[in-house]
Structures are given as structure tokens and as C-alpha cells.
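1. the following comprises the amino acid sequence and a computationally predicted model.
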Amino acid sequence: MEKTERLLSTLGKFRGKKILVVGDIMLDNFIRGKVKRISPEAPVPIINVTHETYVPGGGGNVACNLAALGVKVTLLSVVGADDAGNRLRTDLSSRGIETACILTDAERPTIQKIRVIAEHQQALRFDRESTHPLSAALRRQLLAQVKVQIPLSDAVVLSDYGKGIFTPEVLTFCIGASHRHLKPVVIDPKIEHFKKYRHATCLTPNTLEAWQGMRLIPKDGQAHVEELGKKILQRLRLTALLLTQGEEGMTLFESAPRLRITHIPTTAAQVFDVTGAGDTVIAVLTAALACGAGFLDAATIANHAAGVVIGKLGTATVTPEEIITHIQHAK
């Protein structure tokens, strides 16, 4: 089958696939307004609020991206016993995401990132969060859910934002259970945990995260990127590694049957906003792997999806139809 036909065929299989997302979720709150004067109380601008929005962030945005692809998504995470947690559950459920596995921890707040934007400039951000590891009781509940949900899923995403869900024990359990049930497990990594992702199917860091995760000084040039990728692939014993490189596209490293490195140039016609593009990449890559696609085809489809989403303003999702159109126009 010709490559383009293979890619389109894979996209046609997305709908109905079941993917489990385990990870840190948060509520992103955007407060937007206009500035017309300085406060008489202190030398700060007065922002007249014009509108306010709330959207799922972190692993929640990965789940939203998967749902937009037509995938059946189960989200396993932890929120607080608060209004923000209720708002998150309601929003996620409205998108068709299964939220019954989201646990409640009365001892920690739901993670919130609150951004105040004056005109088009972010003026302030304040966070509500606790990054302490989950209690032993909650960890047991989480792992019990993982044990039940992985056999029911076609693939697994671990979305690690370093907010307390992923301890070495939890990471090892999730990766091991995925392997036992022959499910691809794809990880959006946190640099502090980088060396804990051994034996994952695939990691999807950007180049800065990859350098920092390996505790190395960043170096410019594709040759250095490829040396870095080979080191990560071998050190962590991954099946594959997808390094995202912004306007430079992405580079795929595959370990079997022998080392193969493929650079995939960006397909974006124009760039408006890269916010959330990494979430789109991991969602589309995982959905394609769940359909039985090879790593190169999966990464190519993800690259086209990124080309679509960075042409949109704000955190965005992408549909299979938009990716299909992008692939056809890129021929």
C-alpha cells in the first residue's frame, strides 16, 4: 500500500479505539482584560476583566486531544474535593471522556494554573497545587484501577507533570502492566523522572527536556540531537523515542530490528501558537500505535497533526478530518 494510503487508512481506524490516560491533570483558568490606567494604590495596571475561560490542562488536555480524534478515553488521575475538581470532571465528561476513575483527595487542592492576560500579554500567573506524593492509600487505589483498565485498553499514555501521581513504584507498575498485556505505553516525560522510564514503548520529549533529562548541556545541530537520542534510547531501553524540535520538525529513533533514525521536517504552513502541540503529538502518535501503525507512520501522522494545531490560536485539538486534509494538501 502506498504511504499516503496507509496514513489515511490508519486515521480511519481511530474512532472507537480505547486509550487509558494516567497522569496529572489540572484546570487552566484564563482571565482576560484590557488595561486603561494604573492603580492609585500601587504602581500596577488595573485590568478590566472582559472574559474568563476554564479548560482542562496537563493530562486532561491529552485526554481532550484523544477524544477529539474519536478515541474512547478513560482518564485516571486525582483531583481535590473542591469546585475546581468538580468543574474539571464536568468539562471532561462533556467531551465524552470517562471520568469514573478520577480519584478524590480531600487533603490536596485540584491543580490550577491561573493566568491573567492584559490585552495580548500575560501579566501574571498564580498556581494552586500540592506536589507531594499521593498517600499510600490513594496509591493503592490508583494502582488497582491501572490493573483493571490496562487490559481493557488498546494503548496507554502516562502524562507526567511531576505533581505527585508518578512515584518510581507507580511508573514501574504502569510500564510493567502495559508490557504484560502487550499494550504500547507512551510517556510525556518530566525531566526529574527521566531515568525512571526504562522499558517504555516510546517517550515524546522536546529537545530541551531531553538534554535536561539526561543532565547534559544542550548543543546545537542535528548531529548532536541524534547522538543524544541514541544515548536516551539505549540508556532507557526504549522501543522508540520521538524528539520534537519545534519549527525543525521531529526526529524518530527506533531500536529494532536495528537502530534507525528518521528526521521528519515540519509540515506547518504558518505558526500561530505552539501551546499544547506536545499534547496533540502524543495523543495522535498513541492513537496510531493503538491501530497497529508502525512508529514511522505514527510519527508522520503526529507531525501532520502538529502542523494543523500550531496553525490555531490557543490550546487546541485536532480532528481526523483536519489531519486527512493536511496530508492530502501536503502531497
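-> Received, thanks.

2. for the most centrally placed residue in the chain, what are phi and psi?
-> Among the residues of the chain, the one closest to the centroid is Asp279, at 3.2 Å (CA atoms, centre = their mean). Torsion angles at Asp279 (phi, psi; degrees, to the nearest 10) stand at phi -70, psi -40.

3. and the one 5 residues further on, by the same measure?
-> Note on Val284: backbone dihedrals following degrees, to the nearest 10 are phi -70, psi -40.

4. show me what contacts it?
-> Applying CB atoms under 8 Å, 6 or more residues apart in numbering to Val284 gives the contacts 65, 69, 298, 301-302, 305, 318, 323. Just so you know, the C-beta spots here come from the backbone N, C-alpha and C atoms, and that holds for glycine as well.

5. so for it, what's the pLDDT?
-> At Val284, the model reports a pLDDT of 97.

6. let's test this: mean pLDDT of stretch 158-167, rounded?
-> Average pLDDT, stretch 158-167: 94.

7. list the buried residues in that stretch.
-> Residues of stretch 158-167 classed as buried by neighbour count (16 or more other CB atoms under 10 Å): 158-161, 163-166.

8. give the next helix or strand downstream of the helix or strand hosting Arg139.
-> According to DSSP states H and E, Arg139 maps onto helix 136-149. Using DSSP H and E, the helix or strand that directly follows helix 136-149 along the chain is strand 155-159.

9. ok and that next one relative to helix 136-149, angle-wise?
-> Strand 155-159 and helix 136-149 are oriented at 150 degrees to each other (axes from the mean of the first three to the mean of the last three CA atoms, to 10 degrees).

10. what's next to strand 155-159, contact-wise?
-> Here strand 155-159 has contacts from 17, 19-25, 58-59, 62, 66, 150, 166, 171, 174-175, 178, 183-188, 200, 282-283, 286-287, 289-290, using CB under 8 Å, 6+ apart.

11. wait, doesn't Phe55 sit right on Asn61?
-> You called it Phe, but residue 55 is Val. Yes - shown here, Val55 and Asn61 form a contact pair, counting by CB atoms under 8 Å, at 7.4 Å.

12. these two: who's more crowded?
-> The residue with more neighbours, out of Val55 and Asn61, is Asn61; 24 against 17, by other CB atoms under 10 Å.

13. any chance of the buried residues of stretch 158-167 in JSON lines, plus distance to Met250?
-> What follows is those, written out as JSON lines (distance: CB to CB, whole Å):
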{"residue": "Leu158", "distance to Met250": "19"}
{"residue": "Ser159", "distance to Met250": "18"}
{"residue": "Asp160", "distance to Met250": "19"}
{"residue": "Tyr161", "distance to Met250": "21"}
{"residue": "Lys163", "distance to Met250": "26"}
{"residue": "Gly164", "distance to Met250": "29"}
{"residue": "Ile165", "distance to Met250": "26"}
{"residue": "Phe166", "distance to Met250": "24"}
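
14. can you tell me which of the residues you listed is nearest Gln328?
-> Lowest distance from Gln328 to the buried residues of stretch 158-167 (CB to CB) belongs to Ser159, with 30.5 Å.

15. what bridges to that closest one?
-> Note on Ser159: beta-bridge partners Gly23, Asp188, judged by DSSP bridges.

16. that one and Glu119, how far apart?
-> Remark: distance between Ser159 and Glu119 (CB to CB, to the nearest Å) = 32 Å.

17. likewise for Thr266?
-> From Thr266 to Glu119 the distance is 29 Å (CB to CB).

18. the two: which is more packed in?
-> Thr266 (18 against 11).
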